[in-house]
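Peer 1: My questions concern the predicted model and sequence given below.
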Amino acid sequence: MAKEKKFLTLDGNAAAAHVAYMFTEVAAIYPITPSSPMAENVDEWAAAGRKNLFGETVLVQEMQSEAGAAGAVHGSLNAGALTTTFTASQGLLLMIPNMYKIAGELIPSVFHVSARTLASHVLCIFGDHQDVMACRQTGFAMLAEASVQEVMDLAGVAHLATIKSRVPFLNFFDGFRTSHEYQKVEAIDMEDLRPLVDWKALQEFRERALSPMRPEMRGMAENPDVFFAHRESCNRYYDAVPDIVSDYMDEISKITGRKYRPFT
C-alpha cells in the first residue's frame, strides 16, 4: 500500500531545520539574519524534547560569535558528535578558518546557510551568493536549493553524503527569497531517511574521535614535501563526492517521485 503523503506549510529555514535536526547531536549556533530561524527552531524543538535520528535530544549551545560557533563545531566533531551550525553573510566568513580545518581533517559536517549579501560599503540583509562563493576554496562541498520543497528534499542529501564521503557540506539557499518563503511542501520523515544512513561510515567517524583511551597527536607542522603529499591524498575522497550525491539523490527521488541530479 502506498504511503500516505504528509504536507507541511513552512518556510525554507524551517525545512532545513526539520531535516538537520534528524542528523544533529550538537548544534553550535550564533544567530544572524536571515538564518536565525533555523537555529531558533532547533533550539525550540530541543527544549520540547524532540528526538533526533539516534533517539536523542539535540544539545544546543549558543556561542558569543560565529567564529566561536565554528570553533565549537570543530571541537564537537573531533569528540565524535555529529554537529551542525546555521549562518549567513559575515557570520559565514568568520567561520572560514575552522572550515579549512574541518575539511582538511575530512570530518563530516553540514553548515546550513541562507545565502546573503556581504556588508561592503553598506549593510544589506537580502539574498546574494557572495558569502557562499567566498567559501569555495575551503574544501567544503556545496549543495544549493532553489525552493522550499528542494530544501526539504535535498538537505538530507547533504547530511547523508557527508557521513558517507567524509567531506563536509555547505548546504545553501537564497536568503529571504527561499529562507522566508512559505510553501506547502511534502515532508520527509525520519523513517524515510533512516535506512539511507551509512551506519558503517558513521561508526568509523565515531571511532576517529579524540579519546584519552587512545592518545594521538593531530595538527602537527609539516614541511612542504610531506604537506603536499598529504593534500594530494585527500583527492580520492573528493573524487567520490559527485557519485555519492547522485546516488542519494536517486534514493530521495524514489521516496518523493521528484527527480534530482547533482548538476542541472
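Peer 2: Good, I have the coordinates.
Peer 1: which stretches of the stretch 1-150 of the chain aren't confidently modelled?
Peer 2: The stretch 1-150 of the chain contains residues with pLDDT under 70 at 1-2.
Peer 1: Tell me, how many residues neighbour the closest residue to residue 136 other than its chain neighbours?
Peer 2: Take residue 136 and drop its neighbours on the chain: the residue closest to it by C-beta to C-beta, 6 or more residues apart in numbering is residue 142, 7.2 Å away. C-betas here are computed from N, CA, C, even on glycine. Using other C-beta atoms under 10 Å, residue 142 has 16 neighbouring residues.
Peer 1: Kindly report the same for residue 81.
Peer 2: 17.
Peer 1: For it, give me its contacts.
Peer 2: Counting by C-beta atoms under 8 Å, 6 or more residues apart in numbering, residue 81 makes contact with 25-26, 59.
Peer 1: switch the cut-off to 6 Å
Peer 2: 25-26 (C-beta atoms under 6 Å, 6 or more residues apart in numbering).
Peer 1: distance of it from residue 130?
Peer 2: For residue 81, the distance to residue 130 equals 31 Å [C-beta to C-beta, to the nearest Å].
Peer 1: So the residue nearest to residue 136 sits against residue 170, correct?
Peer 2: Yes: using C-beta atoms under 6 Å, residue 142 is in contact with residue 170, at 5.0 Å.
Peer 1: quick revisit: same for the helix or strand the residue nearest to residue 136 falls within, what does it pack against?
Peer 2: Residue 142 is part of strand 141-145, with elements assigned from DSSP states H and E. Packed against strand 141-145 by the contact rule (3 or more C-beta pairs under 6 Å, 6 or more residues apart in numbering; DSSP states H and E) you find helix 148-165, strand 169-174.
Peer 1: so the longest one versus strand 169-174, what angle?
Peer 2: Note on geometry: by axes from the mean of the first three to the mean of the last three C-alpha atoms, to 10 degrees, helix 148-165 and strand 169-174 are set 170 degrees apart in direction.
Peer 1: From the centroid of this protein, which residue is nearest?
Peer 2: The chain has residue 110 as the residue nearest its centroid, 1.7 Å off, counting by C-alpha atoms, centre = their mean.
Peer 1: list the contacts for it?
Peer 2: Contacts of residue 110 (C-beta under 6 Å, 6+ apart): 84, 158-159, 162, 169, 171.
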